[in-house]
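**Q** Pasting the sequence and the predicted coordinates here, then a few questions.
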Amino acid sequence: MPISSATPLQSPSRYRWVICVLLFLATTSNYMDRQILGILAPVLQAELGWSESEYGHIVTAFQAAYALGLLGCGWLVDRIGTRWGLIVAVSLWSVASATHGVARSVGQFALARFGLGLSEAANFPASIKSVSEWFPQRERALAIGIFNSGSNLGAIVAPLIVPFIALQYGWQTAFFVLGAAGFLWVGVAMVLFRPPRASERPVECNPATTSTALSWRVMLRRRETVAFACAKFLTDPVWWFFLYWIPKYLHSTFGVELSGMGLPLVVIYLFADVGSIGGGWWSGRLIGKGLAPLVARRRVMLWCALLTLMVMVLAYRADLWVAVAVLSLATAAHQAWSANLFSTVTDSVPQAGVASVVGIGGMAGALGGMLLAQVAGYSLELTGSYVPLFIVCSSAYLVAWGVLRALGGR
């Protein structure tokens, strides 16, 4: 049964924005730690002799662990709470990130990526559940968009600092520095992060459904869960592809070296930030004008799906900055799509099952990412062309939107 849109129990607490900032910073750390591999991939391939398929295997190790972790972490966060779920997760992924600095073989890097994926998986289930606990329905997509923009900030900051550290002190030091940065968040969160008190919950939900965590079996029977998982399976791989292959695409197609990688990536992910926050704001505005939440989310997502069709332009050899412009629009559309897709869970799923459903959907997205990583590695090794991959990426969102429309309920 969808969450009721009744009037909130009381006025929202201003402390919700402190929580949102903490979620934003955790997500920033999360993405800096995963983005560093894509930035250093040309250097690591040259120094360690990886093939395209071996690089695909390393990426797949992260995706496999992320899929397992999402399923388990969503279930765990619904039981131990968001505070300890995030604090433990950030501590573990910071350790895993630093261990990349001592890896040398493909197997060792794959093992380090597996540990990183397993622990980083807790971030989104815990963060989405925190938003459902602290924010009223109209603000949820905006709050999700704000904290999710941390993924883009991480993708911006990483290419600015990682090349400098790697060129000055070696690529190993870059992994050590970013791994250590996560523990700063842990120290702050130990003091500031907490679940809302009873008087701070402005949540539109049926209290009878929130007292105990719901089982996977119960949640998997819901059409909303199936629709969310299918949409994540189809569209998450596109984001993973952007994250891990954009630096390689710019290097192989336009000859962009490590020292020149920063500016194009900063532009691309700045636009992604705009999309993340703007997409959440847009659906909130439509809700404020009287549209039902799911209708508002889907309307924004349809525009995002249409915008991503521009990726097909990259099937033709374009100028560097034309490619950057197209990728900027595509990443902005993805993040606007993502903010609204996550919000559909808080709109239609009992609060006690939010983290579990986010985990189930995230697992489906990670499995799709594993599949695309393997396809991308072998496709590039055999053909040397990004054209088939860009065609797949550009069309995935319209297919996913159709699935959501058919299965997602009213």
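**A** Received the coordinates, thanks. Numbers count the residues shown, from 1 in each chain.
**Q** contacting residues for the residue lying closest to R113 once chain neighbours are set aside?
**A** Distances taken as C-beta to C-beta, 6 or more residues apart in numbering place F62 nearest to R113, at 4.0 Å, with adjacent residues excluded. For glycine as for every other residue, the C-beta is placed from the backbone atoms N, C-alpha and C. By C-beta atoms under 8 Å, 6 or more residues apart in numbering, the residues touching F62 are R34, R113, F114, L116, G117.
**Q** Most neighbours of all those, which one?
**A** L116 (29 neighbours; other C-beta atoms under 10 Å).
**Q** Wait, that residue touches A96, no?
**A** Yes: counting by C-beta atoms under 8 Å, L116 does reach A96; the two are 4.1 Å apart.
**Q** follow-up on the earlier one: helix or strand: which one has the residue nearest to R113?
**A** According to DSSP states H and E, F62 maps onto helix 52-80.
**Q** Mind listing residues that contact the helix or strand following that helix?
**A** For helix 52-80, the succeeding helix or strand toward the C-terminus, using DSSP H and E, is helix 82-99. With C-beta under 8 Å, 6+ apart as the test, helix 82-99 has contacts from 26, 29-30, 33, 36, 73, 76-77, 112, 115-116, 118-123, 125-127, 129-130, 133, 175-176, 178-183, 185-186, 189-190, 193-195, 355.
**Q** Show the buried residues in the residues you listed.
**A** With burial judged by 16 or more other C-beta atoms under 10 Å, the buried subset of the contacts of helix 82-99 is 26, 29-30, 33, 36, 73, 76-77, 112, 115-116, 118-123, 125-127, 129-130, 133, 175-176, 178-179, 181-182, 185-186, 189, 193, 355.
**Q** Off-centre distance for the helix holding F62?
**A** Remark: helix 52-80 is offset 12 Å from the chain centroid, using C-alpha atoms, centre = their mean, to the nearest Å.
**Q** Now do the helices in the stretch 101-250 of the chain.
**A** 106-120, 123-134, 137-169, 171-192, 216-220, 223-254 (DSSP state H, counting those that start in this stretch).
**Q** Please name the nearest non-neighbouring residue to K248.
**A** A41 (5.7 Å).
**Q** got the contact list for that neighbour?
**A** Y55, Y244, P247, K248.
**Q** Could you export the residues you listed as CSV, including neighbour count?
**A** As requested, the contacts of A41 are exported to CSV (neighbours: other C-beta atoms under 10 Å):
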residue, neighbour count
Y55, 25
Y244, 25
P247, 23
K248, 20
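**Q** Let me have those residues in a markdown table, adding distance to Y169 and pLDDT as columns.
**A** Converted to a markdown table, these look like this (distance: C-beta to C-beta, whole Å; pLDDT from 0 to 100):
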| residue | distance to Y169 | pLDDT |
| --- | --- | --- |
| Y55 | 24 | 79 |
| Y244 | 24 | 75 |
| P247 | 20 | 80 |
| K248 | 23 | 80 |
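**Q** The residues you listed: which two are farthest apart?
**A** Maximum pairwise distance in those, criterion C-beta to C-beta, is 11.4 Å, between Y55 and P247.
**Q** that older thread, just the contacts of F62: which has the poorest pLDDT?
**A** Ranked by pLDDT, the contacts of F62 bottom out at R34, which has 80.
**Q** Within the helices and strands, which one has that residue?
**A** Using DSSP H and E, R34 falls in helix 16-48.
**Q** still on that earlier bit, what residues of the helix holding F62 count as buried?
**A** Per 16+ other C-beta under 10 Å, helix 52-80 contains these buried residues: 52, 54-78.
**Q** residues shared between the contacts of L116 and A96?
**A** D33.
**Q** what residue ranges in the stretch 151-300 of the chain score low on pLDDT?
**A** By pLDDT under 70, the weakly predicted segments of the stretch 151-300 of the chain are 202-220, 258.
**Q** Looking at the contacts of F62, which is nearest A325?
**A** Once C-beta to C-beta is applied, the member of those that ends up nearest A325 is R34, at 24.6 Å.
**Q** quick one: the closest one from L309, how far?
**A** Separation of R34 from L309 (C-beta to C-beta, to the nearest Å): 27 Å.
**Q** excluding its backbone neighbours, what's nearest I277?
**A** G145 (4.6 Å).
**Q** ditto for M190
**A** I87 is the one closest to M190 (C-beta to C-beta, 6+ apart), at 6.6 Å.
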